[in-house]
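Chemist: Provided below for reference: sequence and predicted model.
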Amino acid sequence: MNGAGAVYRGYSDDKPDIPLRHHSDHANAETDSPDEMKTEAQRVVQAMSPAQKLKAAERLYFSARQLKAAALRAQHPDWTDATIQHAVREVFLYARG
């Protein structure tokens, strides 16, 4: 799959389609500036409804929790699932931004 013609459709069909670039077209240190990538990301977010943005934030939050749990499992293979879940809760409860 080369990504040609791919579009972002969000979580529903109520917004116009947004053309996406293939991953090989993304951030190339020699040709793309951070501003060019930021513009594409802004365009995707701006096309989302508030409900879509909330759903995306929720998915990011739970993905972060899953990634943290995976990292803790790798660091502490002897920990039980309950211990991992407790540690994840602690990390997110007391996270400082």
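Modeler: Right, received. Where do you want to start?
Chemist: the protein - how does it break down into domains?
Modeler: 7-48, 51-93 (automatic domain parsing).
Chemist: run through the chain and note the low-pLDDT ranges.
Modeler: Along the chain, segments meeting pLDDT under 70 span 1-32, 34-35, 37, 96-97.
Chemist: which residues of it fall in helices?
Modeler: All helices of the chain, identified by DSSP state H, fall at 34-46, 50-75, 81-93.
Chemist: and those helices as CSV, adding mean neighbour count?
Modeler: C-betas here are computed from N, CA, C, even on glycine. Below are those laid out as CSV (neighbours: other C-beta atoms under 10 Å):
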stretch, mean neighbour count
helix 34-46, 11
helix 50-75, 12
helix 81-93, 13
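Chemist: from residue 64, how far out is the residue lying closest to residue 73 once chain neighbours are set aside?
Modeler: Distances taken as C-beta to C-beta, 6 or more residues apart in numbering place residue 84 nearest to residue 73, at 5.9 Å, with adjacent residues excluded. Distance of residue 84 to residue 64, given as C-beta to C-beta, to the nearest Å: 15 Å.
Chemist: now residue 91
Modeler: Residue 91 sits 10 Å away from residue 64, going by C-beta to C-beta.
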